[in-house]
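Asker: Got a predicted model here, sequence first, then my questions.
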Amino acid sequence: MDLLHIRTSGGVFGFVGQVHTGRRRPALVAINGAFPTKDHLHDLVTEFRGVNVLVAYMPGMGPPWSAFTESDPGGPTLPGMTQGLGEAIQRLVGDCPLVVFGSSTGNLLALGLTLPTVTRVIASEPFFRTGRLEPFIAFARQCLAELPPGTGEEAFLATLFGIHADGRLEDRDYRHLAAGIGVPTDVVVGARLDGWRGEGAAWPSLTSAEDRALLQANPNVTLHVVGERTGHTVAVSGAGKELVRQLIYKGLVEASARC
């Protein structure tokens with residue numbers, strides 16, 4: 001699917017999806033993570049035909065890393081990007097009740113959205129400290145070595161992850177997002193917390209034990225650990241994918257009661 005570019009105060013977001021006219025319906029907003037595979041989450045558009053569905057790409061992960069406001073000359077920030085996503089959602093689906101699904105890095109925006117229309121969040125493999133994401137850091141550094149300087153991907157990695165093209169690594173701390181969750185939220189994570197075994201090995205869960213404790217301390221959060229040897233891709237296939245679809249459906253049924 002081709003991307004629709006929405007220019008916001010927090011950057012250019014890309015979307016695929018469907019929007020219904022006529023009677024008011026709930027909306028599903030799915031936020032892709034970093035470097036998503038081609039067509040990732042696009043199946044949600046056909047699976048949930050009866051509602052509005054927006055699959056979002058963050059600036060630099062589909063749309064160009066550009067078009068930031070003159071009032072923000074230093075470039076994008078996570079709060080700015082979250083605000084920008086909210087602006088795009090409101091422009092596309094107005095005040096429809098929202099179910100938000102965040103995939104990996106997409107949860108940095110999903111868990112920070114403060115739109116009053118959000119009724120439920122489903123978060124797959126969120127993380128709140130970037131300096132500990134060993135397999136992703138290795139992957140990102142390999143990407144940076146292959147990219148020309150000044151790309152959107154380079155700015156994306158430096159801004160959100162503190163992974164710089166010159167080799168510097170800064171630990172970005174997003175733990176405030178866990179404490180700030182104010183709507184019913186289902187968190188789906190893999191079971192493996194035994195560390196990464198190096199290049200070529202499957203990634204363990206990136207939702208650390210500390211992250212899980214923070215989430216479970218919030219009364220609005222329900223934590224779902226799926227399987228026994230599952231890792232960061234827990235929601236891509238099998239029981240994890242099925243659980244996510246069930247939770248999305250449950251959330252949309254709840255949201256439809258507000259239409």
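Answerer: Nice, I can see it.

Asker: Would you agree G131 is in contact with Y174?
Answerer: No: the pair G131 / Y174 is not scored as a contact, 11.3 Å apart, by C-beta atoms under 8 Å. Every C-beta, even on glycine, is put in place using the N, C-alpha and C of the backbone.

Asker: higher neighbour count, these two?
Answerer: Applying other C-beta atoms under 10 Å to G131 and Y174 shows that Y174 carries more neighbours, namely 18 against 14.

Asker: Please tell me I have it right and the more buried one contacts R129.
Answerer: Yes: with contact defined as C-beta under 8 Å, Y174 counts as touching R129 (7.3 Å).

Asker: Low-confidence regions, this protein specifically.
Answerer: 1, 63-75 (pLDDT under 70).

Asker: all helices in it, in order from the N-terminus.
Answerer: Listed from the start of the chain, the chain has helices (DSSP state H) covering 43-47, 78-93, 107-110, 134-146, 152-156, 175-179, 209-216, 238-256.

Asker: Could you look over those and pick the most buried one?
Answerer: Highest mean neighbour count among the helices of the chain (mean count of other C-beta atoms under 10 Å): helix 107-110, with a mean of 26.

Asker: How far off centre is that helix?
Answerer: What separates the centre of helix 107-110 from the centre of its chain is 5 Å, taken as C-alpha atoms, centre = their mean, to the nearest Å.

Asker: And stretch 247-258, by the same measure?
Answerer: Using C-alpha atoms, centre = their mean, the mean C-alpha position of stretch 247-258 is found 19 Å from that of the whole chain.

Asker: swap in stretch 112-121?
Answerer: The gap between where stretch 112-121 is centred and where its chain is centred comes out at 13 Å by C-alpha atoms, centre = their mean.

Asker: Okay, buried residues for that stretch please.
Answerer: Of the residues in stretch 112-121, those buried by neighbour count under the rule 16 or more other C-beta atoms under 10 Å are G112, L113, L115, T117, V118, T119, R120, V121.
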